[in-house]
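J.: Structural data only, the sequence is not supplied:
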């Protein structure tokens with residue numbers, strides 16, 4: 001099964017049109033998107049964490065470990081927690097650094113009818129009508145470096161602020177907590193945020209500052225019927241792709257994903273555009289096919305296999321996908337642009353949560 005999961009991920013680079021179709025590019029200033037549609041026979045029935053929260057069907061809980069949260073599916077549905085989702089609350093804000101497809105909650109499992117036992121034998125015990133829901137431990141990374149206390153609720157809620165590509169690039173790695181912090185500080189420096197902004201070094205607080213600007217960009221892009229994702233260009237250069245196996249999930253999360261890519265548009269708004277007329281579709285397909293990438297696979301926290309993608313050439317690309325039922329439930333691939341962590345000021349403030357089990 002793991003070998004098959006790698007083959008499915010690899011097929012997206014070899015011939016993406018077998019699985020996906022593409023609509024006409026849409027452009028606003030230095031950002032262009034290609035809407036992506038997945039073949040209908042590849043749709044998977046699940047709901048996103050955003051929809052599950054709206055229906056009060058999921059609970060995300062704090063643990064004593066910075067790098068671990070617990071989650072309970074209280075529904076009879078599969079729930080996707082995508083890579084790059086940020087959650088706020090608890091003792092500090094976190095990001096979920098692998099896609100997780102939760103199976104239906106245990107208390108909603110369907111029990112088969114028991115046949116009549118033979119005479120003289122004890123009947124089987126009836127199923128417990130109130131089983132305890134199963135808690136899943138999910139991997140998290142800190143995106144708020146200098147808080148370890150409850151401000152409000154002890155639980156978590158998803159945020160509309162997704163990780164933008166340069167930070168997501170470092171979050172994909174199973175190591176890299178320090179790299180995530182470094183990119184957040186670099187982002188702070190690059191965007192010239194005020195010193196008194198986000199005193200706990202919260203990525204979510206920082207991104208709120210530019211939210212009006214990113215939303216101004218995003219409103220110029222139109223959602224297509226059955227759209228599942230986008231391929232994104234900044235300054236006429238392909239920088240990333242994200243799509244889902246369910247258009248309803250995109251409807252709930254698409255604006256947040258566009259906002260995350262729009263941060264990259266802000267980062268490079270003063271840079272010159274790549275000259276010449278560009279065929280975005282051909283450029284995108286060519287870029288995927290020319291990437292030299294390696295794959296590693298592991299069993300997911302919930303359903304399916306997690307496949308990590310790393311480039312082995314000069315270009316820096318990383319990706320992650322969750323393969324379940326022979327379909328990419330979420331596919332995410334980005335390049336790192338500017339490598340701003342290497343240009344970080346030598347005396348930027350350093351913050352560290354005072355907790356013994358911090359993992360670097």
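T.: The structure has been received and is ready for your questions. None of these values were measured; they are calculated from a predicted model.
J.: Phi and psi next, for the residue lying closest to residue 33 once chain neighbours are set aside.
T.: Spatial nearest neighbour of residue 33, excluding adjacent residues (C-beta to C-beta, 6 or more residues apart in numbering): residue 230 at 4.4 Å. C-betas here are computed from N, CA, C, even on glycine. Main-chain torsions, residue 230, degrees, to the nearest 10: phi -150, psi 150.
J.: Could you tell me the model confidence score at residue 230?
T.: According to the prediction, residue 230 has pLDDT 98.
J.: Test my guess that residue 103 contacts residue 302.
T.: Yes - Residue 103 sits in contact with residue 302 when judged by C-beta atoms under 8 Å, with a separation of 5.9 Å.
J.: Chain neighbours aside, what residue packs nearest to residue 42?
T.: With sequence-adjacent residues excluded and distances taken as C-beta to C-beta, 6+ apart, residue 42 is closest to residue 327, at 4.9 Å.
J.: List the contacts of the one you found.
T.: 8, 42, 44, 245 (C-beta atoms under 8 Å, 6 or more residues apart in numbering).
J.: list the contacts for the residue lying closest to residue 55 once chain neighbours are set aside?
T.: Leaving out its chain neighbours, the residue that sits closest to residue 55 by C-beta to C-beta, 6+ apart is residue 75, at 7.4 Å. Residue 75 makes contact with 47, 52, 55, 57, 58, 104, 105, 108, according to C-beta under 8 Å, 6+ apart.
J.: list the helices and strands the longest helix seen in the chain packs on?
T.: If you go by DSSP state H, the chain has its longest helix at helix 247-267. Where contact means 3 or more C-beta pairs under 8 Å, 6 or more residues apart in numbering; DSSP states H and E, helix 247-267 is packed against strand 31-38, strand 47-48, helix 49-54, helix 165-172, helix 211-218, strand 227-234, strand 237-244.
J.: now those as a markdown table including mean neighbour count and distance to residue 202?
T.: As requested, the helices and strands packed on helix 247-267 are exported to a markdown table (neighbours: other C-beta atoms under 10 Å; distance: least, C-beta to C-beta, whole Å):
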| stretch | mean neighbour count | distance to residue 202 |
| --- | --- | --- |
| strand 31-38 | 23 | 25 |
| strand 47-48 | 23 | 23 |
| helix 49-54 | 20 | 20 |
| helix 165-172 | 24 | 13 |
| helix 211-218 | 16 | 14 |
| strand 227-234 | 26 | 25 |
| strand 237-244 | 25 | 23 |
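J.: for those, which one sits closest to residue 94?
T.: Distance to residue 94, taken as C-beta to C-beta, is lowest for helix 165-172 among the helices and strands packed on helix 247-267, at 10.4 Å.
J.: packing partners for the very next helix or strand once past that closest one?
T.: Counting by DSSP states H and E, the next helix or strand C-terminal to helix 165-172 is helix 177-190. Where contact means 3+ C-beta pairs under 8 Å, 6+ apart, helix 177-190 is packed against strand 135-142, helix 165-172, helix 203-209.
J.: which parts of the shortest one are buried?
T.: Neighbour counts over helix 203-209 (16 or more other C-beta atoms under 10 Å) mark 203, 204, 205, 206, 207 as buried.
J.: Looking at it now, give me its mean pLDDT.
T.: 90.
J.: ditto for stretch 136-145
T.: Averaging pLDDT along stretch 136-145 gives 92.
J.: And for stretch 45-64?
T.: Stretch 45-64 shows a mean pLDDT of 94.
J.: cool, and stretch 304-315?
T.: On average, stretch 304-315 scores 86.
J.: any low-confidence regions in this structure?
T.: Scanning the chain for pLDDT under 70 picks out the ranges 106-133, 153, 175, 313-315, 338-360.
J.: how near is residue 141 to residue 178?
T.: 10 Å (C-beta to C-beta, to the nearest Å).
J.: Comparing these two, which residue is more hemmed in?
T.: Ranked by neighbour count (other C-beta atoms under 10 Å), residue 141 and residue 178 place residue 141 first, with 22 against 12.
J.: Contacts only, for that one.
T.: Contacts of residue 141 (C-beta under 8 Å, 6+ apart): 67, 94, 95, 97, 171, 176, 177, 180.
J.: Beta-bridge partners for the residue nearest to the second one when sequence neighbours are not counted, please?
T.: This means residue 94. Distances taken as C-beta to C-beta, 6+ apart place residue 140 nearest to residue 94, at 4.0 Å, with adjacent residues excluded. Beta-bridge pairing for residue 140 (DSSP bridges): residue 96.
J.: surely residue 140 meets residue 98?
T.: No - under the criterion of C-beta under 8 Å, residue 140 makes no contact with residue 98, lying 9.9 Å away.
J.: Helix, strand, or coil at residue 71?
T.: strand (DSSP: H, G, I helix; E, B strand; the rest coil).
J.: Next one: it from residue 140, what distance?
T.: Taking C-beta to C-beta, one finds residue 71 at 10 Å from residue 140.
J.: quick one on the thing from earlier: what spatial separation is found between the residue nearest to residue 42 and residue 61?
T.: Computed with C-beta to C-beta, the distance linking residue 327 and residue 61 is 29 Å.
J.: now do residue 259
T.: Relative to residue 61, and taking C-beta to C-beta, residue 259 is found at 27 Å.
J.: Compare these two and say which one has the larger neighbour count.
T.: Between residue 259 and residue 61, counted using other C-beta under 10 Å, the more crowded position is residue 259 (21 against 15).
J.: Great, nothing more from me.
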